[in-house]
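In: task: produce atomic coordinates for the following.
(2 chains)
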Amino acid sequence: QQPVQSPQAVILREGEDAVINCSSSKALYSVHWYRQKHGEAPVFLMILLKGGEQKGHEKISASFNEKKQQSSLYLTASQLSYSGTYFCGTSFKETSGSRLTFGEGTQLTVNP
Amino acid sequence: DTEVTQTPKHLVMGMTNKKSLKCEQHMGHRAMYWYKQKAKKPPELMFVYSYEKLSINESVPSRFSPECPNSSLLNLHLHALQPEDSALYLCASSQPGQGGKLFFGSGTQLSVL
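Out: Residues are numbered from 1 along each chain as shown, chains lettered A, B, ... in the order given. Sure, this is the predicted structure:
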């Protein structure tokens, strides 16, 4: 089951904040977040493995609400380098952790 | 070395050709993956090798044949492909199991004529 990401696209000015959501209809075990710039490989941002977990990486952080089966990625004080497509990838308790299913992606554009 | 290296970067082939994509990593990862990505779409899992054994095949047509000669190498053999198989083919590696973050290669852009 493919997770649902929202919004599909967002345009920001440098310094603004954004939230990207990822939700599943099935019980999640882990949520991965990746960023892919045009013509490049996806790059790992973070993994959330436990319900309620929140992780941070500089000005990018994420939360995982196990009860709601959803994760949110928070980008604060956005920089031009944050532009790209953000994918969440999910794995489920009853399947192999290696079987990661990606959402459709959120295209983030940060303008000067 | 935190790189996954894929060759070639670009490949154009006819529907009757046989070609191979190659992937190499030296991070000691024991899980390796092939993903297919169409333009403006997410990566779709094709195959997973765990400890050099094929552990997941996502019902991929037999014209795609994976091979894992050793823990550092992963190949994808292509034969009699269709134009709809044109896509970016991404290799990735990780430690096996839950929580293993994926390291992706830069991909092979494949065009089937």
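
In: what does chain B put close to chain A?
Out: Contacts of chain B with chain A, taken as C-beta under 8 Å from any C-beta of the partner chain, map to B:4, B:31, B:33, B:40-45, B:48, B:50, B:55-56, B:90, B:94, B:96-107. Glycine gets a C-beta too; all of them are placed from N, C-alpha and C.

In: out of these, which end up buried?
Out: B:4, B:31, B:33, B:42-45, B:48, B:50, B:56, B:90, B:94, B:96, B:100, B:102-107 (16 or more other C-beta atoms under 10 Å in any protein chain shown).

In: which residues in chain A form strands?
Out: Assigned by DSSP state E, the strands in chain A fall at A:4-6, A:9-13, A:18-23, A:28-36, A:43-48, A:54-57, A:60-65, A:70-75, A:84-92, A:101-102, A:106-111.

In: mind telling me which of those strands the model trusts least?
Out: For the strands of chain A, mean pLDDT drops lowest on strand A:54-57, to a mean of 67.

In: what sits against residue A:107?
Out: Residue A:107 is in contact with A:8-10, A:84-85, counting by C-beta atoms under 8 Å, 6 or more residues apart in numbering or on different chains.

In: related to what we said a few turns ago, for residue B:19, which of the strands of chain A is the nearest?
Out: strand A:28-36 (24.9 Å; C-beta to C-beta).

In: strands - which of the residues of chain B next to chain A land there?
Out: Those of the residues of chain B next to chain A lying in strands (DSSP E): B:4, B:31, B:33, B:44-45, B:48, B:50, B:55-56, B:90, B:94, B:103-104.

In: quick check, nearest of those residues to residue A:68?
Out: For those, the nearest to residue A:68 is residue B:45 (25.1 Å; C-beta to C-beta).

In: hmm, the closest one is touching residue B:37, no?
Out: No: Residue B:45 is not in contact with residue B:37 according to C-beta atoms under 8 Å; the separation is 10.6 Å.

In: around chain B, pick out the residues from chain A.
Out: So far as C-beta under 8 Å from any C-beta goes, chain A lies against chain B at A:29-30, A:32, A:34, A:40-44, A:47, A:49, A:87, A:89, A:91, A:96-105.

In: mind redoing it with 6 Å?
Out: With C-beta under 6 Å from any C-beta of the partner chain as the criterion, chain A comes near chain B at residues A:30, A:41-42, A:44, A:47, A:49, A:87, A:97-99, A:102, A:104-105.

In: ok, now which ones touch residue A:1?
Out: residue A:26 (C-beta atoms under 6 Å, 6 or more residues apart in numbering or on different chains).

In: can you find the helix or strand in chain B with the smallest mean pLDDT?
Out: strand B:53-57 (a mean of 90; mean pLDDT, DSSP states H and E).

In: partners of that one in the sheet?
Out: Strand pairing for strand B:53-57, using DSSP bridges, gives strand B:44-50 (antiparallel).

In: may I have the beta-bridge partners of residue A:84?
Out: Under DSSP bridges, the residues paired with residue A:84 across the bridge are residue A:108.

In: quick check: beta-bridge partners of the spatially most central residue of chain B?
Out: In chain B, the residue lying closest to the centroid (C-alpha atoms, centre = their mean) is residue B:34, at 3.0 Å. When bridges are called by DSSP bridges, residue B:34 pairs up with residue B:47, residue B:91.
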